[in-house]
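# here is my input, please return the structure:
(chains A and B)
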Amino acid sequence: DTEVTQTPKHLVMGMTNKKSLKCEQHMGHRAMYWYKQKAKKPPELMFVYSYEKLSINESVPSRFSPECPNSSLLNLHLHALQPEDSALYLCASSQPSGRFEQYFGPGTRLTVT
Amino acid sequence: AQSVTQLGSHVSVSEGALVLLRCNYSSSVPPYLFWYVQYPNQGLQLLLKYTSAATLVKGINGFEAEFKKSETSFHLTKPSAHMSDAAEYFCAVRRSTGANSKLTFGKGITLSVRP
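Okay, the predicted model is just below:
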């Protein structure tokens, strides 16, 4: 099974709301990733967790807060977002080594109003 | 730093024609290279990967890519395009060092298939 699941599929939130995106994988992968993708652009890396520890933060604003409760789950907590944060948010997982491919979830389409 | 270049933003072919999507990489160490496809409103799906085992790599859906070190290229081909191949295609490169290595994407190419 090479599936990464993400919930919700769509999310509309106001700038004062707090919401969370969820990601789950059952492939035994020990690295998990959050990407942000704008229309007609490649994914941009936001965070990397390796063995449940945050290993890369690509200078993401603090209104995005990642969490890795266990090796299968990855959350992205959202607070006080701006309209320009509207995008497709993709989760991915892989074994924690460069030679291994990343498997992507279907994404959460976020709209900030 | 590792990077990939995808020239052009849009390729249009007729159904049944050869598909050729170009990717050139820049890397000071042996790279790990990947091609991903993204259909509208979906996530990325891995087509194939190069990890130095073989220079000609076969992937899913009839796609293949050839790693040419002398040309620093990893072009994606398919002998006969199908309407269902219409999508966005991303080339990506990743360093070989551990969990902190990043996957760097090219800007992507939109493939259109004409009936």
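
# could you list the low-pLDDT ranges of chain B?
Low-confidence segments of chain B, defined by pLDDT under 70, are located at B:95-101.

# try it again with 80
The model of chain B has pLDDT under 80 over residues B:1-2, B:27-30, B:52-53, B:95-101.

# tally of neighbours for the closest residue to B:S52 other than its chain neighbours?
In this structure, B:S52 finds its nearest non-sequential neighbour in B:P30, 5.9 Å apart by C-beta to C-beta, 6 or more residues apart in numbering or on different chains. No exception for glycine: its C-beta is placed from N, CA and C like everyone else's. Using other C-beta atoms under 10 Å in any protein chain shown, B:P30 is surrounded by 13 other residues.

# the one 5 residues further on too?
Using other C-beta under 10 Å, B:W35 is surrounded by 25 other residues.

# show me what contacts it?
Neighbouring residues of B:W35 by C-beta atoms under 8 Å, 6 or more residues apart in numbering or on different chains: B:21, B:23, B:46-49, B:59, B:63, B:65, B:74, B:76, B:89-92.

# so which of those residues is the most crowded?
B:C91 (29 neighbours).

# could you pull up the residues touching the nearest residue to it once chain neighbours are set aside?
Leaving aside its sequence neighbours, B:C91 sits nearest to B:C23 (C-beta to C-beta, 6+ apart; 3.5 Å). Residues in contact with B:C23, defined by C-beta under 8 Å, 6+ apart, are B:V4, B:T5, B:Q6, B:L33, B:W35, B:A65, B:S73, B:F74, B:H75, B:L76, B:C91, B:G106.

# buried residues in stretch B:20-38, which are they?
B:21-25, B:27, B:31-38 (16 or more other C-beta atoms under 10 Å in any protein chain shown).

# oh, that last question was meant for stretch A:13-24, not what I typed.
For stretch A:13-24, using 16+ other C-beta under 10 Å, the buried residues are A:M13, A:K19, A:L21, A:K22, A:C23, A:E24.

# how distant is the helix or strand harbouring the third one from the center of its chain?
Same thing as A:L21. Per DSSP states H and E, A:L21 falls inside strand A:18-25. Its chain's C-alpha centre and that of strand A:18-25 lie 7 Å apart, by C-alpha atoms, centre = their mean, to the nearest Å.

# which residues does it contact?
Contacts of strand A:18-25 (C-beta under 8 Å, 6+ apart): A:3-8, A:11, A:13, A:32, A:34, A:72-79, A:89, A:91, A:93, A:103, A:105, A:108, A:110.

# ok, which of these also contact chain B?
A:V4, A:Q6, A:Y103, A:G105 (C-beta under 8 Å from any C-beta of the partner chain).

# so who does the third one touch?
The contact partners of A:Y103, by C-beta under 8 Å, 6+ apart, come to A:T2, A:E3, A:V4, A:Q25, A:M27, A:H29, A:A92, A:S93, A:S94, B:L46.

# narrow those to those in helices?
Nothing among these maps onto helices, per DSSP state H.

# gap between the residue nearest the centre of chain B and B:F105?
With distances taken as C-alpha atoms, centre = their mean, B:W35 lies nearest the centre of chain B, 3.3 Å away. Remark: distance between B:W35 and B:F105 (C-beta to C-beta, to the nearest Å) = 11 Å.
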